[in-house]
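1. Show me how the following folds:
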Amino acid sequence: MLKHGSFAVAVVQRKVMLVQAVRNHSQRERWVDVYTYTPFGERVFLASNVPQARISARDILTILPEDDAVRAPAAGMLELPAQAFGEYMDLSARTQKRYEQLFDAHSAKPRRRWFPRVA
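-> Got it, this is the predicted structure:
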C-alpha cells in the first residue's frame, strides 16, 4: 500500500497534511507510521510540530504517484509539483466543507434540557 518514503495526503489531528511513510506498510495494516508536513506557502511544506505520527490507514485521502518529483530545497522543507499541490488543495477544501456541514448539522439539532423545568 505505502512504500518507504512515498508521499500521501492524509488527515492528521483533524487537519489535511502531506505525509511521508516512515517504512513499508501493507494493505492489511491498520496503522501507518508517517512524517508529517504542514503547508507553508505556494507548493511548499514544512515539517510540522509533531514531525512523526502514527495514523489510521483510513485517514489517508490519496497516495501521490511516485513519478511526481517532490523536491527538498532545504532540510525539513518539501516542494510539491503543481499538479500534486492542486490535488492537495482540492482534498483540503473538500475536507473543510465536510467539517462545516457536520458543524451546521450539529448546530441545527434542538438542544436537550438536562434540568426539568420548574413551574
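
2. contacts and neighbour counts: CA atoms only from here.
-> Noted.

3. next structured bit after the longest strand anywhere in the chain?
-> Longest strand in the chain, counting residues (DSSP state E): strand 44-56. Downstream of strand 44-56, the first helix or strand assigned by DSSP states H and E is strand 60-63.

4. Which parts of this protein are strands?
-> Under DSSP E, the chain gives strands at 7-12, 15-21, 31-41, 44-56, 60-63, 77-79.

5. export these to CSV and tack on mean neighbour count?
-> Shown next, in CSV, are the strands of the chain (neighbours: other Cα atoms under 10 Å):
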stretch, mean neighbour count
strand 7-12, 22
strand 15-21, 23
strand 31-41, 19
strand 44-56, 16
strand 60-63, 16
strand 77-79, 19
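
6. For residue 104, which of those is the nearest?
-> Minimum separation from residue 104 across the strands of the chain (Cα to Cα) falls at strand 15-21, 18.6 Å.

7. quick one: strands adjacent to that closest one?
-> Strand 15-21 sits in its sheet next to strand 7-12 (antiparallel), strand 31-41 (antiparallel), going by DSSP bridges.

8. possible to save these as TSV with mean pLDDT?
-> Putting the strands paired with strand 15-21 into TSV (pLDDT from 0 to 100) gives the following:
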stretch	mean pLDDT
strand 7-12	92
strand 31-41	92
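
9. wait, which of these is closest to residue 98?
-> Going by Cα to Cα, the one of the strands paired with strand 15-21 nearest residue 98 is strand 7-12, 12.6 Å.

10. Check the offset of the closest one from the chain's centre.
-> Chain-centre distance of strand 7-12: 4 Å, with Cα atoms, centre = their mean, to the nearest Å.

11. got the CA positions of that strand in CSV?
-> Provided in CSV are the C-alpha atoms of strand 7-12 (Å, rounded to 0.1, in the frame of the first residue of the first chain):
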residue,chain,number,x,y,z
PHE,A,7,4.1,10.6,-0.1
ALA,A,8,0.4,10.9,0.6
VAL,A,9,-2.3,13.4,1.7
ALA,A,10,-3.9,12.5,5.0
VAL,A,11,-5.9,13.8,7.8
VAL,A,12,-3.7,14.2,10.9
